[in-house]
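Visitor: sequence-free structure coming up:
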């Protein structure tokens, strides 16, 4: 019979790293959603790698796009402030794969967008690819899978118009 103590000690020593990594991954996922709702673009930017692949094809069609994170943030900051309020609730964050330099995670979401009395509410799942960047984990790819929506999707275009600076 092999002693179990060395195995238990090794597992206990490895666990804090995995727990810390999981916490950092969850923090990056949260920073994207909460930062966007608060229009805290530096917070959102810090959660992304320099280049990010985004896939919103389940909602808008087209093809996934790979672009500089700064360009993605410029796009988001060009329309999200046009809503009176947004609330991106991201839950059930689960790290699905983790090694020394890369990770995968998934989460469920409900995103509420309001202008006046009109709402557009979307629900679904995000799948994330992450990479280690120093002591942080940053998102290098995200795929949004829309599972349901209610309300007026045209609020996105209205928000973009409202967010444009007045001449």
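Guide: The structure has been received and is ready for your questions. On a predicted model such as this, the values are computed, not experimentally measured, just so you know.
Visitor: Now do the strands for the chain: every range, in order, please.
Guide: 48-55, 65-68, 85-98, 102-115, 118-133, 136-151 (DSSP state E).
Visitor: And the lowest mean pLDDT element among the helices and strands of this protein?
Guide: Using mean pLDDT, DSSP states H and E, helix 5-38 stands out as the lowest-scoring helix or strand of the chain, at a mean of 78.
Visitor: Turn the strands of the chain into JSON lines, columns for mean neighbour count.
Guide: Quick note: C-beta positions are derived from backbone N, CA and C, even for glycine. Compiled in JSON lines, those are given as follows (neighbours: other CB atoms under 10 Å):
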{"stretch": "strand 48-55", "mean neighbour count": "18"}
{"stretch": "strand 65-68", "mean neighbour count": "13"}
{"stretch": "strand 85-98", "mean neighbour count": "14"}
{"stretch": "strand 102-115", "mean neighbour count": "18"}
{"stretch": "strand 118-133", "mean neighbour count": "18"}
{"stretch": "strand 136-151", "mean neighbour count": "17"}
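Visitor: Nearest to residue 37, out of those strands?
Guide: Proximity to residue 37 (CB to CB) singles out strand 85-98 among these, at 5.2 Å.
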